[in-house]
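**Q** Based on what follows, work out the 3D shape:
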Amino acid sequence: MFQKLSKKILVDWCGWTINVTEPHPDKYIIAVAPHTSNWDFIIGQLFAHSLGIRINFMMKSSWFFWPMGILMRHLGGIPVKQSKHMNSTERIIREALDLKEFRLCITPEGTRRATKKWRTGFYYIALGAHLPILLYGVDFERKLIQCTKTVIPTGDIEKDMLEIKAYFKNFKGKKPEQFAI
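**A** Numbers count the residues shown, from 1 in each chain. All right, here's what the predicted structure looks like:
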């Protein structure tokens with residue numbers, strides 16, 4: 001019921017188009033961009049629920065206040081304290097290796113503001129847990145959710161990040177001026 005309603009809202013009522021051509025194994029990382037608005041979260045949740053799958057996501061811990069934290073965890077949220085000493089990457093790698101199914105969505109920009117320095121935790125999680133990175137572009141101008149590329153981390157982060165960023169260059173966020181490659 002909720003799956004059908006989510007798809008109806010996203011596709012029929014809001015007019016979004018979905019173009020996903022990449023296979024989705026049991027374990028993967030989703031890198032989604034551009035991230036320029038809180039609407040990205042709502043669109044992402046409608047998309048995941050329309051497919052009937054649970055996708056975890058990392059979000060700064062300040063969003064997990066009571067009672068919002070209950071909802072965020074229910075939706076798949078993983079609170080992250082933005083400290084270099086938290087070892088979130090290692091913890092999530094261990095979790096990914098231990099679980100039969102693992103789906104984690106991360107916005108590499110790490111913020112809704114324009115930033116040329118993207119976060120790399122998603123890359124190191126994928127590399128350490130031997131996971132593919134599915135690239136999902138969300139384009140508000142065309143009302144398009146697209147995944148037509150998968151990146152397998154090689155360990156050459158500079159080369160791989162250039163390839164990842166290049167994929168997102170033609171997507172327009174809700175606030176395009178807040179997206180930088």
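**Q** any idea of the mean pLDDT for stretch 62-73?
**A** Across stretch 62-73, the average pLDDT comes to 79.
**Q** Show me where the protein dips below the pLDDT cut-off.
**A** Filtered on pLDDT under 70, the chain yields the residue ranges 76, 82-86, 110-115, 178, 180.
**Q** Tell me where it has helices.
**A** 2-7, 39-51, 68-74, 88-98, 121-129, 157-167 (DSSP state H).
**Q** So which of those helices is nearest Cys14?
**A** Nearest of these to Cys14, taken as CB to CB: helix 39-51 at 7.9 Å. Just so you know, the C-beta spots here come from the backbone N, C-alpha and C atoms, and that holds for glycine as well.
**Q** Show me what that closest one is packed up against.
**A** Judged by 3 or more CB pairs under 8 Å, 6 or more residues apart in numbering; DSSP states H and E, helix 39-51 is in contact with helix 2-7, strand 133-139.
**Q** related to what we said a few turns ago, pick the most buried one from the helices of the chain.
**A** Stretch with highest mean neighbour count among the helices of the chain: helix 121-129 (a mean of 21; mean count of other CB atoms under 10 Å).
**Q** so who does the closest residue in space to His35 that isn't next to it in sequence touch?
**A** Sequence neighbours aside, Thr107 is the residue nearest to His35 in space, at 3.8 Å (criterion: CB to CB, 6 or more residues apart in numbering). Neighbouring residues of Thr107 by CB atoms under 8 Å, 6 or more residues apart in numbering: Ala31, Val32, Ala33, His35, Asp40.
**Q** Pull the contacting residues for Ile18.
**A** Taking CB under 8 Å, 6+ apart as the criterion, Ile18 is in contact with Val11, Phe47, Leu144, Ile145, Gln146.
**Q** my bad, should have said Thr150
**A** For Thr150, the contact set (CB under 8 Å, 6+ apart) comprises Glu22, Pro23, Pro132, Ile133, Leu134, Leu135.
**Q** ok, 7 Å please
**A** Glu22, Pro132, Ile133, Leu134 (CB atoms under 7 Å, 6 or more residues apart in numbering).
**Q** Among those, the buried ones, what's the PyMOL command?
**A** To isolate the buried subset of these in PyMOL, counting by 16 or more other CB atoms under 10 Å, use the following:
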select buried, resi 132+133+134
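**Q** what's the most distant pair in the contacts of Thr150?
**A** Glu22 and Ile133 (10.3 Å).
**Q** coming back round to it: mind putting the contacts of Thr107 into CSV with distance to Arg91?
**A** What follows is the contacts of Thr107, written out as CSV (distance: CB to CB, whole Å):
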residue, distance to Arg91
Ala31, 19
Val32, 21
Ala33, 24
His35, 23
Asp40, 25
